[in-house]
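> sequence unknown, structure follows:
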Ligand SMILES: Cc1cc2nc3c(=O)[nH]c(=O)nc-3n(C[C@H](O)[C@H](O)[C@H](O)COP(=O)(O)O)c2cc1C
């Protein structure tokens, strides 16, 4: 490896560290993206989620191709986007682990096209995948919302690698 190439690689590793550190200071909610394929429920924890548009109601989320759920999301038509409630740290933990039978550990019910909807979530969207774009290690899924519901409950918040009870954030507002 030439000296110049080595310097570039060192720079990009350091930039990656700085990018990661910068993202840690951005608070997000925690969603669980769910789907059903051949009668089996699948899902993973995702904080790369955003509203895109209200007309038509459109949202996006990003999933790493290396996750086990990715291959099922690529095959499916509909997803659930479950915004976890402030008392659902344990549910976040279940869906942050790779593989295994996640759905036997939580309460859920089937929605449109059998998408699993997590009981006790602060909010839930049911959506149809309309477009996907590959970007780096991830796939961006654009979806049209077909149903949405919100509970009178604060969300779970994720910041600096930790889960925070959203009702504490509200108390300071
Ligand atoms: C708070 C939090 C946010 C996460 N956000 C994402 C994300 O936006 N996209 C993603 O692909 N993985 C994300 N992950 C990691 C996945 O949930 C994790 O890799 C999971 O084990 C994947 O499960 P699977 O391999 O069974 O699909 C996040 C994890 C946590 C704890």
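Everything's here; your move. Since the structure is predicted, the reported quantities are computational estimates derived from the model, not experimental observations.

> who touches the helix or strand bottoming out on mean pLDDT in the chain?
Ranked by mean pLDDT, DSSP states H and E, the weakest helix or strand in the chain is helix 166-172, scoring a mean of 81. For helix 166-172, the surrounding residues in contact (C-beta atoms under 8 Å, 6 or more residues apart in numbering) are 29, 86, 122, 154-157. Where C-beta positions appear, they are placed from N, C-alpha and C, glycine not excepted.

> which ones among these are found in helices?
Here DSSP state H is the test, and the contacts of helix 166-172 give no hits in helices at all.

> in strands, which of those fall?
29, 156-157 (DSSP state E).

> residue 120 - nearest residue in space that isn't next to it in sequence?
residue 85 (5.6 Å; C-beta to C-beta, 6 or more residues apart in numbering).

> ok, the one you found touching residue 119?
No. Using C-beta atoms under 8 Å, residue 85 is not in contact with residue 119; the gap is 9.9 Å.

> of these two, give the one with the bigger neighbour count.
residue 85 (24 against 14; other C-beta atoms under 10 Å).

> quick check: the more buried one vs residue 91, distance?
8 Å (C-beta to C-beta, to the nearest Å).

> now do the shared contacts for the two.
residue 120.

> contacting residues for the nearest residue to residue 112 once chain neighbours are set aside?
Nearest residue to residue 112, sequence neighbours excluded (C-beta to C-beta, 6+ apart): residue 126, at 4.8 Å. The contact partners of residue 126, taken as C-beta under 8 Å, 6+ apart, are 78-81, 111-112, 115, 117, 145-148.
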